[in-house]
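**Student:** This is a predicted model, with the sequence first.
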Amino acid sequence: MRFLKSLVFVCFVLPLLCQPVNAGTKKAKSIDELAARYDCSSCKECHEEIYEQWEKSAHSKSIFGLGGRTAATIGTTITRGLMTWPYSGVKKPKDVKLKHLMLCAKCHLPQLDEATDSVAREIVKAIFDLRSRNKKVRREAIKKLKKVSINCLICHQKKAIVHKWVDGPIRKDAVYGSTDGEHESEKYPVMKRSPIMGESILCGQCHGLGPNLELEEPSQCATAYGSYLFAYIPEGGHEKCQDCHMKRFNKGHSIPSYRDPDMAKIAIDFKVDTFSYHWRKTKAEGVIPLAVVKVEMINKTGHGIPDG
Amino acid sequence: MPHPGRFCRGDQMGRGPYEKCGLLRDTGLAPNRVVEQTFEIPFPYKDIKQGKKTVRELVSKEMDIDVKLWYVPFGEMKGPLSRWNQLWRRVTKKVTIE
């Protein structure tokens, strides 16, 4: 009997104890469920300043966007893209599935790959509700779209490891940062070191190399990382994204770009030179008194301008 | 700005992340490259008949030239999306001629 109990333990209990922490996670069936899974409101308790910086960032509105631009563009992707392509399987917005929305969500909401088609449809409905004439409907849609975004758990967990065969899979009980240790959180009691937290590749996972060729239908949005690798580095550049967008002016997790005056100031060397002379143009047009304005610009950033 | 291709084929520019693929051309500012632009602005003048001759006279020997560098994220200087435009630089130069 004792032998039988031991055998049961070995056959059933031991495999359960040995499961990786991510095993068996079911896909989220609603926006609320996905938002709960990636809820980072508890981070604010200890990381208040960082949290408030993040709230001001474009990351915190990655699906709705600044002034609703991202949601509008996702809508256009559906109406002018998916619905016009003969092999997409999408004839109307309700036909949109997860794989269709991943064209945009690959970068704008990476955690969507842990959701079902119903979440994709819920997001699409909210996006089209933004076009409603009913103010209440629009307000509810905005509220819904703002529930999910690129938050703490995307950079500090989901995207924290790129080379998984080298550094291991992502642990769902961990937050990733600069060191290993314990983390004062019931849900995330483990602190793990991410080898790429201060490296450009962390940002490059979403900030674009060109067409996303791994997708069945490649989309292409930003190409800043491509520009960083193939233009900035060959010209002798050596700084990381985080150096300029987080550290240089203490911008932290607000990670600003073109709208920030400090960023605009360091982005370009701008010189204007002028002189004048009398230009003997042609016999018919005569001599033209001319001012010549020469503008010289040097892009001092780590990527092409404009880009994103 | 980058001029992406349309589905990575032909000579049409793509618009929107669902069409954009690769690059046909890039008129943006590449990192650490010098980009120069030259503008020629005639001083205001008028042609006056003096007997049988026509004489060209300067209306003004001075011009204030305002050079502005705008970041235009959505491609329009007027219209609803222009509210996101950022004036990055403004330089005013006084130019004179004799």
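**Tutor:** On my side now, so go ahead. Residues are numbered from 1 along each chain as shown, chains lettered A, B, ... in the order given.
**Student:** how does chain B divide up, domain by domain?
**Tutor:** B:1-31, B:37-98 (automatic domain parsing).
**Student:** List the buried residues of stretch A:203-219.
**Tutor:** Neighbour counts using 16 or more other C-beta atoms under 10 Å in any protein chain shown place A:203-212, A:217-219 of stretch A:203-219 among the buried residues. Using the backbone N, CA and C atoms, a C-beta is placed for each residue, glycine as well.
**Student:** Max pairwise distance over these: which two?
**Tutor:** Greatest spatial distance among these (C-beta to C-beta): A:C203 and A:E217, at 24.3 Å.
**Student:** Okay, strands next: where are they in chain B?
**Tutor:** Applying DSSP state E to chain B gives strands spanning B:2-6, B:20-26, B:34-42, B:45-50, B:53-58, B:62-71, B:86-96.
**Student:** separation between the residue located most distally from the centre of chain B and B:K20?
**Tutor:** The centre of chain B is farthest from one residue, B:G51, which by C-alpha atoms, centre = their mean lies 41.5 Å away. Look at B:G51 and B:K20: by C-beta to C-beta, to the nearest Å, they are 64 Å apart.
**Student:** A:L130 too?
**Tutor:** Taking C-beta to C-beta, one finds A:L130 at 23 Å from B:K20.
**Student:** swap in A:V293?
**Tutor:** For A:V293, the distance to B:K20 - C-beta to C-beta - is 34 Å.
**Student:** still on that earlier bit, out of the strands of chain B, which gets nearest to A:L103?
**Tutor:** A:L103 sits nearest to strand B:20-26 of all the strands of chain B, at 11.2 Å, using C-beta to C-beta.
**Student:** returning to what we had before: counting neighbours around each, name which of A:V293 and B:K20 comes out higher.
**Tutor:** Each of A:V293 and B:K20 has its neighbours counted (other C-beta atoms under 10 Å in any protein chain shown); B:K20 has more, 24 against 19.
**Student:** Contact partners for residue 83?
**Tutor:** You didn't say which chain, so I picked chain A. A:M83 makes contact with A:V90, A:K91, A:K92, A:P93 under the criterion C-beta atoms under 8 Å, 6 or more residues apart in numbering or on different chains.
**Student:** I was thinking of chain B, sorry if that wasn't clear
**Tutor:** Taking C-beta under 8 Å, 6+ apart, we find B:R83 in contact with A:G67.
**Student:** any idea of the pLDDT on it?
**Tutor:** With respect to pLDDT, B:R83 scores 93.
**Student:** before we move on, what about A:V292?
**Tutor:** We have a pLDDT of 98 for A:V292.
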